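Undergrad: predicted structure and sequence below. I'll ask about it afterward.
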Amino acid sequence: MFANARWNPPLAVGLLNMHLLALAAVVMFRPRPADVLLAFLGYLWFGFASSLYYHRYLTHRGFKMVRPLEWFFLAGGLTGLSGDPIRWACTHRYHHAHPDGHDDLHSPNDGWWYAHFGWLAKLDMAWVDQIRPMATDLRKTWWLRCWENPLLALVPHFLYAGALFAIGGGGWAGLGTVLWGLYVPIVLSFHFGWMMIASFCHLPQFGYRSTETPAPDMSRNIWWLGAFSFGESFHNHHHAYPRRAKHGVTWWEPDPSKYLLWTFERLGLAWDVCWDHDRKPAGALEEPWDVATVVPSADPVTAGGPATPAA
(Lines give C-alpha, C1' and ligand atoms only; values in the text may rest on other atoms or scores of the structure.)
Protein backbone atom coordinates (compact mmCIF):
# COMPACT_ATOMS: atom_id res chain seq x y z
CA MET A 1 0.00 0.00 0.00
CA PHE A 2 2.74 2.48 0.97
CA ALA A 3 5.37 1.26 -1.51
CA ASN A 4 3.50 2.94 -4.38
CA ALA A 5 3.44 6.30 -2.64
CA ARG A 6 5.21 9.30 -4.11
CA TRP A 7 8.66 10.29 -2.97
CA ASN A 8 8.85 12.80 -0.14
CA PRO A 9 11.49 15.15 -1.61
CA PRO A 10 12.76 16.70 1.66
CA LEU A 11 13.16 13.28 3.29
CA ALA A 12 14.63 11.62 0.20
CA VAL A 13 17.15 14.41 -0.34
CA GLY A 14 18.01 14.48 3.36
CA LEU A 15 18.66 10.75 3.45
CA LEU A 16 20.81 10.97 0.33
CA ASN A 17 22.79 13.92 1.65
CA MET A 18 23.60 12.35 5.00
CA HIS A 19 25.01 9.30 3.18
CA LEU A 20 27.05 11.51 0.84
CA LEU A 21 28.42 13.47 3.78
CA ALA A 22 29.42 10.28 5.60
CA LEU A 23 31.07 9.02 2.41
CA ALA A 24 32.91 12.34 2.07
CA ALA A 25 34.27 11.89 5.59
CA VAL A 26 35.77 8.51 4.70
CA VAL A 27 37.10 9.52 1.26
CA MET A 28 38.30 13.08 1.84
CA PHE A 29 39.39 13.30 5.49
CA ARG A 30 41.91 11.32 7.48
CA PRO A 31 40.34 11.29 10.95
CA ARG A 32 42.26 12.47 13.96
CA PRO A 33 41.95 10.41 17.17
CA ALA A 34 39.47 12.96 18.53
CA ASP A 35 37.33 12.57 15.40
CA VAL A 36 37.20 8.79 15.86
CA LEU A 37 36.28 9.21 19.52
CA LEU A 38 33.50 11.65 18.64
CA ALA A 39 32.21 9.25 15.99
CA PHE A 40 32.10 6.40 18.51
CA LEU A 41 30.43 8.50 21.20
CA GLY A 42 27.96 9.83 18.63
CA TYR A 43 27.08 6.28 17.58
CA LEU A 44 26.34 5.39 21.20
CA TRP A 45 24.35 8.59 21.85
CA PHE A 46 22.25 8.38 18.69
CA GLY A 47 21.79 4.62 18.96
CA PHE A 48 20.68 4.56 22.59
CA ALA A 49 18.44 7.57 21.93
CA SER A 50 16.63 5.63 19.22
CA SER A 51 16.58 2.22 20.90
CA LEU A 52 16.17 2.98 24.58
CA TYR A 53 14.35 6.32 24.53
CA TYR A 54 12.30 6.66 21.33
CA HIS A 55 11.48 2.95 21.11
CA ARG A 56 11.33 1.26 24.48
CA TYR A 57 10.51 4.33 26.59
CA LEU A 58 8.32 6.61 24.49
CA THR A 59 6.70 4.17 22.06
CA HIS A 60 6.12 1.17 24.35
CA ARG A 61 6.21 2.81 27.79
CA GLY A 62 8.34 -0.03 29.11
CA PHE A 63 9.77 1.91 32.07
CA LYS A 64 10.10 5.33 33.66
CA MET A 65 13.22 7.45 34.02
CA VAL A 66 14.37 10.71 35.57
CA ARG A 67 13.72 13.85 33.54
CA PRO A 68 17.40 14.78 32.88
CA LEU A 69 17.94 11.41 31.19
CA GLU A 70 14.82 11.95 29.09
CA TRP A 71 16.16 15.28 27.87
CA PHE A 72 19.64 13.87 27.23
CA PHE A 73 18.31 11.08 25.02
CA LEU A 74 15.75 13.33 23.35
CA ALA A 75 18.63 15.64 22.41
CA GLY A 76 20.48 12.62 21.02
CA GLY A 77 17.50 11.57 18.94
CA LEU A 78 17.03 15.06 17.48
CA THR A 79 20.75 15.56 16.88
CA GLY A 80 21.00 12.11 15.27
CA LEU A 81 18.06 12.87 12.95
CA SER A 82 15.61 10.41 14.48
CA GLY A 83 13.38 13.47 14.31
CA ASP A 84 10.00 14.24 15.82
CA PRO A 85 9.56 11.72 18.67
CA ILE A 86 5.77 11.71 18.34
CA ARG A 87 5.98 10.89 14.64
CA TRP A 88 8.49 8.15 15.47
CA ALA A 89 6.21 6.65 18.13
CA CYS A 90 2.94 6.73 16.21
CA THR A 91 4.43 5.23 13.03
CA HIS A 92 6.03 2.46 15.05
CA ARG A 93 2.81 1.75 16.94
CA TYR A 94 1.08 1.58 13.57
CA HIS A 95 3.66 -0.98 12.43
CA HIS A 96 2.88 -3.15 15.46
CA ALA A 97 -0.82 -3.02 14.63
CA HIS A 98 -0.18 -4.15 11.02
CA PRO A 99 3.03 -6.23 11.00
CA ASP A 100 3.86 -7.53 7.51
CA GLY A 101 0.31 -7.04 6.28
CA HIS A 102 -0.59 -5.26 3.07
CA ASP A 103 -0.95 -2.04 5.05
CA ASP A 104 2.30 -2.33 7.02
CA LEU A 105 4.39 0.80 6.73
CA HIS A 106 7.67 -0.98 5.95
CA SER A 107 7.22 -4.65 5.15
CA PRO A 108 9.80 -6.51 3.03
CA ASN A 109 6.80 -7.95 1.20
CA ASP A 110 7.16 -4.75 -0.81
CA GLY A 111 10.83 -5.49 -1.46
CA TRP A 112 13.97 -5.47 0.66
CA TRP A 113 15.04 -2.06 -0.58
CA TYR A 114 11.71 -0.50 0.31
CA ALA A 115 11.69 -1.98 3.84
CA HIS A 116 15.30 -0.96 4.42
CA PHE A 117 15.33 2.55 3.03
CA GLY A 118 12.48 3.42 0.70
CA TRP A 119 9.72 3.76 3.27
CA LEU A 120 11.54 6.63 4.97
CA ALA A 121 12.05 8.41 1.66
CA LYS A 122 8.36 7.99 0.81
CA LEU A 123 6.85 8.78 4.20
CA ASP A 124 3.71 10.87 3.66
CA MET A 125 3.53 13.47 6.42
CA ALA A 126 -0.16 14.14 5.74
CA TRP A 127 -0.80 10.46 6.48
CA VAL A 128 1.37 10.67 9.61
CA ASP A 129 -0.82 13.51 10.83
CA GLN A 130 -3.84 11.20 10.50
CA ILE A 131 -2.33 8.58 12.84
CA ARG A 132 -1.00 11.01 15.47
CA PRO A 133 -3.95 10.03 17.73
CA MET A 134 -2.01 6.79 18.29
CA ALA A 135 0.38 8.92 20.35
CA THR A 136 -2.10 11.06 22.29
CA ASP A 137 -0.32 10.09 25.51
CA LEU A 138 2.90 11.69 24.26
CA ARG A 139 1.22 14.77 22.78
CA LYS A 140 0.16 15.80 26.29
CA THR A 141 3.80 16.76 26.97
CA TRP A 142 4.64 20.14 25.44
CA TRP A 143 8.38 19.52 25.18
CA LEU A 144 7.67 16.45 23.04
CA ARG A 145 4.89 18.09 21.06
CA CYS A 146 6.95 21.14 20.07
CA TRP A 147 9.24 19.02 17.87
CA GLU A 148 6.34 18.28 15.54
CA ASN A 149 7.53 21.44 13.78
CA PRO A 150 10.01 19.93 11.27
CA LEU A 151 12.23 23.01 11.11
CA LEU A 152 12.49 23.27 14.89
CA ALA A 153 13.36 19.57 15.07
CA LEU A 154 16.50 20.26 12.98
CA VAL A 155 17.84 22.97 15.28
CA PRO A 156 19.68 20.62 17.73
CA HIS A 157 21.31 18.87 14.76
CA PHE A 158 22.79 22.07 13.35
CA LEU A 159 23.74 23.41 16.78
CA TYR A 160 25.74 20.23 17.41
CA ALA A 161 27.31 20.50 13.95
CA GLY A 162 28.43 24.04 14.83
CA ALA A 163 29.86 22.85 18.14
CA LEU A 164 31.83 20.09 16.40
CA PHE A 165 33.15 22.58 13.85
CA ALA A 166 34.48 24.73 16.69
CA ILE A 167 35.89 21.74 18.57
CA GLY A 168 37.71 20.69 15.41
CA GLY A 169 39.40 24.07 15.13
CA GLY A 170 37.34 25.48 12.29
CA GLY A 171 38.33 25.50 8.64
CA TRP A 172 39.01 22.28 6.76
CA ALA A 173 39.90 20.39 9.95
CA GLY A 174 36.68 21.51 11.61
CA LEU A 175 34.68 20.30 8.62
CA GLY A 176 36.33 16.90 8.94
CA THR A 177 35.35 16.78 12.61
CA VAL A 178 31.74 17.57 11.69
CA LEU A 179 31.60 14.84 9.04
CA TRP A 180 33.26 12.20 11.20
CA GLY A 181 31.66 13.18 14.50
CA LEU A 182 28.12 13.64 13.17
CA TYR A 183 27.32 12.07 9.81
CA VAL A 184 29.35 8.87 10.07
CA PRO A 185 27.63 7.82 13.34
CA ILE A 186 24.23 8.96 12.04
CA VAL A 187 24.50 6.70 8.99
CA LEU A 188 25.80 3.75 11.03
CA SER A 189 23.09 4.11 13.67
CA PHE A 190 20.40 4.43 11.00
CA HIS A 191 21.42 1.24 9.22
CA PHE A 192 22.17 -0.91 12.25
CA GLY A 193 19.50 0.44 14.59
CA TRP A 194 16.58 1.15 12.22
CA MET A 195 16.92 0.02 8.65
CA MET A 196 18.28 -3.49 9.11
CA ILE A 197 15.59 -4.16 11.71
CA ALA A 198 12.78 -3.20 9.33
CA SER A 199 14.29 -5.25 6.49
CA PHE A 200 16.48 -8.18 7.59
CA CYS A 201 14.53 -8.82 10.80
CA HIS A 202 11.36 -9.45 8.78
CA LEU A 203 12.86 -11.74 6.13
CA PRO A 204 12.43 -15.53 6.62
CA GLN A 205 15.91 -16.37 5.30
CA PHE A 206 17.58 -14.63 8.24
CA GLY A 207 17.72 -15.45 11.95
CA TYR A 208 15.23 -17.49 13.94
CA ARG A 209 11.82 -17.26 15.58
CA SER A 210 11.27 -18.12 19.22
CA THR A 211 7.59 -17.18 19.31
CA GLU A 212 4.90 -17.82 16.73
CA THR A 213 3.45 -14.34 16.57
CA PRO A 214 0.11 -14.10 14.75
CA ALA A 215 0.25 -14.18 10.95
CA PRO A 216 1.26 -12.40 8.82
CA ASP A 217 3.95 -11.18 11.28
CA MET A 218 7.32 -12.53 10.05
CA SER A 219 9.55 -10.96 12.72
CA ARG A 220 12.92 -12.65 13.32
CA ASN A 221 15.73 -12.60 15.85
CA ILE A 222 19.23 -12.07 14.42
CA TRP A 223 22.00 -12.83 16.88
CA TRP A 224 25.00 -11.36 15.06
CA LEU A 225 23.28 -7.98 14.72
CA GLY A 226 22.40 -7.69 18.41
CA ALA A 227 25.31 -5.66 19.77
CA PHE A 228 25.48 -3.31 16.77
CA SER A 229 21.72 -2.64 16.87
CA PHE A 230 21.63 -1.96 20.64
CA GLY A 231 19.56 -5.14 21.05
CA GLU A 232 16.91 -4.17 18.49
CA SER A 233 17.62 -7.17 16.26
CA PHE A 234 15.86 -9.59 18.66
CA HIS A 235 12.78 -8.48 16.85
CA ASN A 236 10.65 -11.58 17.22
CA HIS A 237 11.05 -11.38 21.01
CA HIS A 238 9.98 -7.75 20.76
CA HIS A 239 6.96 -8.39 18.54
CA ALA A 240 5.81 -11.16 20.87
CA TYR A 241 5.88 -8.88 23.93
CA PRO A 242 6.31 -5.27 22.76
CA ARG A 243 6.19 -3.58 26.16
CA ARG A 244 8.91 -5.80 27.60
CA ALA A 245 11.95 -3.56 28.05
CA LYS A 246 14.48 -6.26 27.25
CA HIS A 247 14.75 -7.56 23.70
CA GLY A 248 17.61 -9.99 24.21
CA VAL A 249 16.13 -12.71 26.44
CA THR A 250 18.93 -15.24 26.89
CA TRP A 251 22.49 -14.57 28.02
CA TRP A 252 23.83 -15.11 24.50
CA GLU A 253 21.52 -12.51 22.94
CA PRO A 254 23.45 -9.23 23.43
CA ASP A 255 21.20 -6.28 24.20
CA PRO A 256 23.17 -3.13 25.12
CA SER A 257 19.99 -1.14 25.77
CA LYS A 258 18.93 -3.76 28.32
CA TYR A 259 22.30 -3.53 30.07
CA LEU A 260 22.16 0.26 30.20
CA LEU A 261 18.58 0.22 31.50
CA TRP A 262 19.56 -2.33 34.17
CA THR A 263 22.35 0.04 35.25
CA PHE A 264 19.96 2.99 35.39
CA GLU A 265 17.55 0.96 37.49
CA ARG A 266 20.27 0.00 39.97
CA LEU A 267 21.29 3.66 40.25
CA GLY A 268 17.70 4.74 40.89
CA LEU A 269 17.52 6.62 37.57
CA ALA A 270 14.88 4.29 36.09
CA TRP A 271 12.01 2.41 37.73
CA ASP A 272 8.82 0.48 37.00
CA VAL A 273 10.76 -1.45 34.39
CA CYS A 274 8.69 -4.03 32.56
CA TRP A 275 11.24 -6.85 32.53
CA ASP A 276 8.54 -9.52 32.32
CA HIS A 277 6.22 -10.15 29.40
CA ASP A 278 3.02 -10.49 31.40
CA ARG A 279 2.65 -7.14 33.15
CA LYS A 280 2.72 -3.42 32.49
CA PRO A 281 4.67 -0.89 34.56
CA ALA A 282 2.85 0.29 37.65
CA GLY A 283 0.55 3.18 36.89
CA ALA A 284 0.71 2.76 33.11
CA LEU A 285 -2.42 4.11 31.49
CA GLU A 286 -4.64 2.13 29.14
CA GLU A 287 -4.58 3.83 25.76
CA PRO A 288 -6.17 2.89 22.42
CA TRP A 289 -2.79 1.69 21.14
CA ASP A 290 -2.41 -0.75 24.05
CA VAL A 291 -4.07 -3.46 22.00
CA ALA A 292 -0.98 -3.47 19.80
CA THR A 293 1.71 -2.79 22.38
CA VAL A 294 0.99 -4.67 25.59
CA VAL A 295 0.86 -8.43 25.00
CA PRO A 296 -0.60 -9.58 21.67
CA SER A 297 -1.75 -13.16 21.34
CA ALA A 298 1.35 -15.25 20.81
CA ASP A 299 2.27 -18.82 21.67
CA PRO A 300 5.88 -19.43 22.78
CA VAL A 301 7.73 -22.03 20.77
CA THR A 302 10.64 -22.29 23.18
CA ALA A 303 11.77 -20.61 26.35
CA GLY A 304 13.80 -18.16 24.28
CA GLY A 305 16.24 -20.18 22.21
CA PRO A 306 16.12 -20.52 18.45
CA ALA A 307 13.21 -22.56 17.18
CA THR A 308 14.11 -22.26 13.52
CA PRO A 309 17.78 -22.37 12.49
CA ALA A 310 19.14 -19.54 10.42
CA ALA A 311 19.35 -20.18 6.72
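TA: Yes, it's here.

Undergrad: got the buried residues for the helix or strand encompassing His237?
TA: Using DSSP states H and E, His237 sits in helix 235-240. Neighbour counts using 16 or more other Cβ atoms under 10 Å place 235-240 of helix 235-240 among the buried residues. Backbone N, C-alpha and C define where each C-beta goes, glycine included.

Undergrad: with stretch 61-77 instead?
TA: By neighbour count on 16+ other Cβ under 10 Å, the buried set for stretch 61-77 is 61-65, 70, 73-77.

Undergrad: tabulate the buried residues of helix 235-240 (JSON lines), appending pLDDT and distance to Ser199.
TA: Converted to JSON lines, the buried residues of helix 235-240 look like this (pLDDT from 0 to 100; distance: Cβ to Cβ, whole Å):
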{"residue": "His235", "pLDDT": "95", "distance to Ser199": "11"}
{"residue": "Asn236", "pLDDT": "94", "distance to Ser199": "15"}
{"residue": "His237", "pLDDT": "93", "distance to Ser199": "18"}
{"residue": "His238", "pLDDT": "93", "distance to Ser199": "15"}
{"residue": "His239", "pLDDT": "92", "distance to Ser199": "15"}
{"residue": "Ala240", "pLDDT": "89", "distance to Ser199": "20"}
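
Undergrad: around the residue nearest to Trp252 when sequence neighbours are not counted, how many other residues sit close by?
TA: Leaving aside its chain neighbours, Trp252 sits nearest to Trp223 (7.3 Å; criterion: Cβ to Cβ, 6 or more residues apart in numbering). Residues near Trp223, counting by other Cβ atoms under 10 Å, number 17.

Undergrad: the closest residue in space to Cys146 that isn't next to it in sequence sits in which helix or strand?
TA: Using Cβ to Cβ, 6+ apart and skipping residues adjacent in sequence, the residue nearest Cys146 is Leu152, 6.4 Å away. Leu152 belongs to helix 150-153 when assigned by DSSP H and E.

Undergrad: re earlier: the helix holding His237 packs against which elements?
TA: If you count contacts as 3 or more Cβ pairs under 8 Å, 6 or more residues apart in numbering; DSSP states H and E, helix 235-240 packs onto strand 211-212.

Undergrad: let's see that with 10 Å instead.
TA: On a contact count with 3 or more Cβ pairs under 10 Å, 6 or more residues apart in numbering; DSSP states H and E, helix 235-240 meets helix 85-97, helix 196-199, strand 211-212.

Undergrad: before we move on, the earlier item: and of the buried residues of stretch 61-77, the nearest to Gly176?
TA: Nearest to Gly176 out of these is Gly76 (Cβ to Cβ; 21.9 Å).

Undergrad: quick one: residues contacting the closest one.
TA: Counting by Cβ atoms under 10 Å, 6 or more residues apart in numbering, Gly76 touches 42, 44-50, 52-54, 82, 156, 160, 189.

Undergrad: same check on Leu138?
TA: 58-59, 61, 85-86, 88-90, 132, 144-145, 287.

Undergrad: one more time with 6 Å
TA: Listed by Cβ atoms under 6 Å, 6 or more residues apart in numbering, the contact partners of Leu138 are 86, 89, 144.

Undergrad: what strand or helix carries it?
TA: Taking DSSP H and E as the criterion, Leu138 maps to helix 136-139.

Undergrad: can you list the low-confidence ranges for the stretch 201-311 of the chain?
TA: In the predicted model of the stretch 201-311 of the chain, residues 277-311 satisfy pLDDT under 70.

Undergrad: how about the helices in it?
TA: For the stretch 201-311 of the chain, the helices defined by DSSP state H, counting those that start in this stretch cover 235-240, 256-266, 290-293.

Undergrad: mean neighbour count, these: which tops it?
TA: Most buried of these, by mean neighbour count (mean count of other Cβ atoms under 10 Å): helix 235-240, with a mean of 26.

Undergrad: are we agreed that Ser82 is in a helix?
TA: No. Counting by DSSP: H, G, I helix; E, B strand; the rest coil, Ser82 falls outside a helix, being coil.

Undergrad: I'd say it and Phe48 touch.
TA: No. If you go by Cβ atoms under 6 Å, Ser82 and Phe48 don't touch, sitting 11.0 Å apart.

Undergrad: those two: which has the busier surroundings?
TA: Set Ser82 next to Phe48 and count neighbours by other Cβ under 10 Å: Ser82 wins out with 26 against 23.
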